[in-house]
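Colleague: Here is my input, please return the structure:
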Amino acid sequence: MSESDEISETGSESDISISGAITGSYLFFMSHFNHFIRLAMGPLIIWVLVELGCDYAFHEHGMVLDSTVTRAMVSAAFALVWYRQFLMGEKFATYDQLFDHVLSPGVFNIYNLLRSLTRILITTIILFVPTLMLSISFMFYQFSQGIFMDEAAIHDVAFKSTTLVILLFSPILVRFSLFTVGVALGRKTMSLRDVWRKTSGNTWTLWLLILRAFLPITLYTYFITWAFEAISKKLFMNYVWSSLFVNVPTAFLALMMLAIVVAVNAQAFKALVGTRLSERE
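Modeller: Here you go, the predicted structure:
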């Protein structure tokens, strides 16, 4: 059965209800909370243990370890399997099926690996070059104002520059984010060009959709994390209990936020690209 024959006509629709998509994502999350717990438990445990390991290395051995890559990997795995939960159902939403699909001969080969690495490299260059130029401009400006550029000031400039560049490129990035949905669903023939064509005319709709889904729960997560960190400091907890006290709710809320945004993105994919009418053979 060809892939094109299995795609529904839903992809021909161009109108996306922002309020309807956000409401639908929250309703789906609440009605499938048990599935969320099942799929989020593994990433949550890995997240918490990695953070605990970093805290142990710092307090016991003075080593500073970065957990960003590990958190990104477990979050990406959860996002991909939650896409499958939302668009394909519980039967197809397992990590075993996801990994089997990714590592299957038709999907994982040298050519596809090189294509993926090329996409990552191009995206990194596109984002890194303006970020570097903006950071240098900020540092020269602050230096001209007599501000001493120590390590903390450089980190602050880099953070602000990165945030600004990502914000400027976000209308493009939200369109290409639908490519991730295709990866989760096994669309071997779908390319970035196809995604760009399918999302034409919906740039700002997608941008507002992701912003409205992402911003409220992000602020809520940030506030909860800040509150737990403040409480742990006031209680003078041992670093082990402090790490668990902060990172368990942080990981849970971060994965919850990711599930909401993924469902919103999946609804946009269903409206603009289309989903499979029958099971892949």
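Colleague: now the host helix or strand of residue 216, how far from the chain's geometric center?
Modeller: For residue 216, the host element (DSSP states H and E) is helix 203-234. Relative to its chain's centre, helix 203-234 lies at 13 Å (C-alpha atoms, centre = their mean, to the nearest Å).
Colleague: Return the set of buried residues in it.
Modeller: For helix 203-234, a neighbour-count test (16 or more other C-beta atoms under 10 Å) marks 205, 206, 207, 209, 210, 213, 217, 221, 225, 228, 232 as buried. Glycine gets a C-beta too; all of them are placed from N, C-alpha and C.
Colleague: quick one: which of those residues is nearest residue 66?
Modeller: residue 225 (17.8 Å; C-beta to C-beta).
Colleague: contacting residues for that closest one?
Modeller: Residue 225 is in contact with 246, 249, 250, 253, counting by C-beta atoms under 8 Å, 6 or more residues apart in numbering.
Colleague: In those, which residue is surrounded by the most others?
Modeller: Neighbour tally across those (other C-beta atoms under 10 Å): the maximum, 24 neighbours, falls on residue 246.
Colleague: follow-up on the earlier one: tell me which of the buried residues of helix 203-234 is nearest to residue 133?
Modeller: Using C-beta to C-beta, these come closest to residue 133 at residue 207, 23.8 Å.
Colleague: Low-confidence stretches in the stretch 151-281 of the chain?
Modeller: 151-153, 275-281 (pLDDT under 70).
Colleague: returning to that earlier point: among the contacts of residue 225, name the ones in strands.
Modeller: Using DSSP state E, no member of the contacts of residue 225 falls in strands.
Colleague: how deep is residue 45 tucked in, by neighbour count?
Modeller: Residue 45 has 13 nearby residues by other C-beta under 10 Å.
Colleague: which secondary structure element contains it?
Modeller: helix 33-61.
Colleague: buried set for that helix?
Modeller: Result for helix 33-61 [16+ other C-beta under 10 Å]: buried residues 35-36, 39-40, 43-44, 46-48, 50-52, 54-55.
Colleague: Could I get those residues in TSV, plus columns for pLDDT and distance to residue 28?
Modeller: Formatted as TSV, these follow (pLDDT from 0 to 100; distance: C-beta to C-beta, whole Å):
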residue	pLDDT	distance to residue 28
35	94	10
36	96	10
39	94	13
40	95	14
43	94	19
44	95	20
46	95	24
47	94	23
48	94	26
50	94	29
51	93	29
52	93	32
54	92	33
55	90	35
